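Participant: Got a predicted structure here, sequence first:
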Amino acid sequence: MSGHGPSIPMTAQKTGPLKGVAQVPGDKSISHRALILGALSVGETRITGLLEGQDVLDTARAMRAFGAEVTQHNPGDWSVHGVGVGGFAEPEQVLDCGNSGTGVRLIMGAMATTAITATFTGDASLNKRPMGRVTDPLALFGAQAFGRSGGRLPLTLIGAADPVPVRYSLPMPSAQVKSAVLLAGLNAPGQTVVIESEPTRDHTERMMRGFGATLHIEDAREGRIITLTGQPELTGQSVAVPRDPSSAAFPVCAALMVPGSEIFVPGVSQNPTRNGIFLTLQDIGADLVLENPREEGGEPVADLRVRFSALKGIEVPPERAASMIDEYPILAALAATIEGTTIMRGIRELRVKESDRIDAMARGLEACGVRVEETDDSLTVHGMGPGGVPGGATVESRLDHRIAMSFLCLGMASRDPVTVDDASPIATSFPIFEPLMTGLGARIARDPS
């Protein structure tokens with residue numbers, strides 16, 4: 001069972017060429033941040049292109065619980081009337097953040113320096129994920145967290161009555177932790193400093209500046225140093241959400257698995273902290289062209305044109321991991337269908353995502369007849385060439401949307417169908433995945449109940 005309804009088994013089978021235009025949804029990371037920063041601003045924030053997946057809807061509901069007025073006007077078109085920095089009211093009920101690690105961690109940061117108390121919970125997957133990586137730095141501001149063993153949800157966070165600014169070096173590359181600390185720093189006096197040894201996605205910094213915060217960013221010997229001046233007055237903005245590169249990776253990689261495919265994906269974010277998957281696809285020989293590069297809503301975007309092409313496995317540069325951490329599952333599925341061996345190192349962070357994604361991909365690929373090897377922070381996939389993957393397996397999604405979509409894409413290129421035991425988590429990030437893919441020609445179907 002998923003956290004939001006009954007299980008939905010789904011099967012993908014060998015597909016003819018994928019053709020057409022893939023209008024993927026808005027970026028999930030930016031959608032979360034637009035709602036939260038809109039709620040922390042004075043005046044109206046108007047958001048277009050908002051992803052209306054369950055994760056983002058849960059964040060919208062949480063912002064209402066903290067006192068912001070959040071309204072949907074049309075599909076993707078939302079407004080937020082904020083309460084200002086430090087203006088959050090205490091929620092009357094427990095906040096259910098569903099499946100979203102990003103949502104819960106950013107929301108904790110946003111409330112941690114306001115003298116209110118909130119209790120957070122989630123679905124079975126989220127309640128297994130570590131929250132200490134966020135609550136530990138939030139404690140430096142003066143917040144107190146009381147959760148289950150290991151700092152897991154359900155968890156109650158008591159915001160600091162007299163917050164102090166902090167200087168914090170990230171122990172691991174994590175945009176969620178960085179963003180939580182920066183959001184907490186908004187309502188702390190003085191300057192909050194975050195140091196990251198490896199750059200991670202920078203949507204929070206870009207958007208904070210857009211709403212009126214003062215941030216100074218410099219590259220130094222110890223890493224990337226971000227200095228935020230606390231207690232600004234943020235002002236509501238217009239935010240145009242670009243299309244999600246993590247979602248675009250699924251139709252793009254599916255087209256590279258299925259012979260004869262050619263698809264066009266317009267308006268995809270090309271933020272340099274998020275575009276590692278597209279660089280990697282080009283490295284393995286993909287006919288992937290970026291057209292009409294431009295800027296929308298403060299983010300670089302481009303249209304993608306991709307054609308099926310002869311691909312060869314490589315060792316993915318480990319330093320690229322932070323810019324494509326969510327795309328390794330679909331890359332692993334693609335790697336099974338190409339020539340040669342693909343080695344992915346420096347990916348330990350995948351162990352603590354919605355599932356242990358290294359283990360989930362390894363076990364699922366083995367069930368489909370693919371040879372893999374794994375270590376604590378690596379996955380090696382021995383490609384079987386186009387049409388070489390046997391398939392014919394039922395794979396556990398483990399309440400993980402990216403695992404479910406990755407194996408459905410693999411089923412389109414396998415000799416025998418591949419079934420995912422529960423595809424319901426896909427709704428958390430890519431609610432139109434099924435009609436979008438079938439519209440391109442994919443043979444995906446829900447299994448009869």
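Facilitator: Nice, I can see it. Numbers count the residues shown, from 1 in each chain.
Participant: Just the helices from the stretch 301-449 of the chain, written as ranges.
Facilitator: 328-336, 357-367, 401-413, 433-440 (DSSP state H, counting those that start in this stretch).
Participant: Let me fix that, I meant to ask about the stretch 151-300 of the chain.
Facilitator: Using DSSP H, counting those that start in this stretch, helices in the stretch 151-300 of the chain cover 175-185, 203-211, 245-257, 276-283.
Participant: for the ones you listed, which one sits closest to Pro266?
Facilitator: Proximity to Pro266 (CB to CB) singles out helix 245-257 among these, at 9.6 Å. In short, each C-beta sits where N, CA and C put it, glycine included.
Participant: Please name every helix or strand in contact with the closest one.
Facilitator: The contact analysis (3 or more CB pairs under 8 Å, 6 or more residues apart in numbering; DSSP states H and E) places helix 245-257 against strand 262-269, helix 276-283, strand 299-307, helix 328-336, helix 401-413, helix 433-440.
Participant: circling back: could you save the helices of the stretch 301-449 of the chain as CSV and add columns showing mean pLDDT, distance to Gln23 and mean neighbour count?
Facilitator: Conversion of the helices of the stretch 301-449 of the chain to CSV gives the following (pLDDT from 0 to 100; distance: least, CB to CB, whole Å; neighbours: other CB atoms under 10 Å):
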stretch, mean pLDDT, distance to Gln23, mean neighbour count
helix 328-336, 98, 18, 28
helix 357-367, 98, 26, 22
helix 401-413, 98, 16, 30
helix 433-440, 98, 7, 19
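Participant: can I get those in JSON lines with distance to Pro293?
Facilitator: Below are these laid out as JSON lines (distance: least, CB to CB, whole Å):
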{"stretch": "helix 328-336", "distance to Pro293": "23"}
{"stretch": "helix 357-367", "distance to Pro293": "31"}
{"stretch": "helix 401-413", "distance to Pro293": "26"}
{"stretch": "helix 433-440", "distance to Pro293": "23"}
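Participant: about what we covered before: can I get the helices and strands packed on helix 245-257 in a markdown table with distance to Val164?
Facilitator: Converted to a markdown table, the helices and strands packed on helix 245-257 look like this (distance: least, CB to CB, whole Å):
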| stretch | distance to Val164 |
| --- | --- |
| strand 262-269 | 35 |
| helix 276-283 | 36 |
| strand 299-307 | 33 |
| helix 328-336 | 38 |
| helix 401-413 | 38 |
| helix 433-440 | 44 |
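Participant: residues in contact with the residue lying closest to Ala404 once chain neighbours are set aside?
Facilitator: Excluding the flanking residues, the one nearest Ala404 by CB to CB, 6 or more residues apart in numbering is Ser397, at 3.9 Å. Residues near Ser397 by CB atoms under 8 Å, 6 or more residues apart in numbering: 360, 403-404, 407, 420-423, 425.
Participant: between these, which is closest to Arg206?
Facilitator: Closest to Arg206, out of all of those and judged by CB to CB, is Pro425, at 28.4 Å.
Participant: Quick one: residues contacting the nearest residue to that closest one once chain neighbours are set aside.
Facilitator: Closest residue to Pro425 apart from its sequence neighbours, by CB to CB, 6+ apart: His401 at 4.2 Å. The neighbours of His401, taking CB under 8 Å, 6+ apart as the test, are 99, 354, 425-430.
Participant: before we move on, the earlier item: reformat the contacts of Ser397 into TSV and put distance to Lys19 next to each item.
Facilitator: Listed next are these as TSV, based on distance: CB to CB, whole Å:
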residue	distance to Lys19
Ala360	30
Ile403	26
Ala404	24
Phe407	22
Val420	24
Asp421	29
Asp422	29
Ala423	23
Pro425	28
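Participant: Of those, which pair is most distant in space?
Facilitator: So, the contacts of Ser397 by CB to CB: farthest apart are Ala360 and Ala423, at 14.1 Å.
Participant: Skipping adjacent residues, who's closest to Pro163 in space?
Facilitator: Pro163's closest residue in space is Thr113 (CB to CB, 6+ apart), at 3.8 Å.
Participant: next one: Leu304
Facilitator: Nearest to Leu304 is Val265, by CB to CB, 6+ apart, at 4.2 Å.
Participant: re earlier: which one of the helices of the stretch 301-449 of the chain lies closest to Ser125?
Facilitator: It is, among the helices of the stretch 301-449 of the chain and with distance given as CB to CB, helix 401-413, at 9.8 Å.
Participant: Give me the angle between the closest one and helix 433-440.
Facilitator: Calculated by axes from the mean of the first three to the mean of the last three CA atoms, to 10 degrees, helix 401-413 forms an angle of 20 degrees with helix 433-440.
Participant: low-scoring stretches of the stretch 251-400 of the chain, by residue?
Facilitator: Residues of the stretch 251-400 of the chain meeting the criterion pLDDT under 70: 297.
Participant: tally of neighbours for Pro272?
Facilitator: 12 (other CB atoms under 10 Å).
Participant: Pretty sure Ser323 is one of the things it touches, is it not?
Facilitator: Yes - counting by CB atoms under 8 Å, Ser323 is a contact partner of Pro272 at 7.2 Å.
Participant: per the record, what domains does the chain have?
Facilitator: 10-26+242-446, 28-240 (automatic domain parsing).
Participant: Tell me how far Ala310 lies from Gly285.
Facilitator: 6 Å (CB to CB, to the nearest Å).
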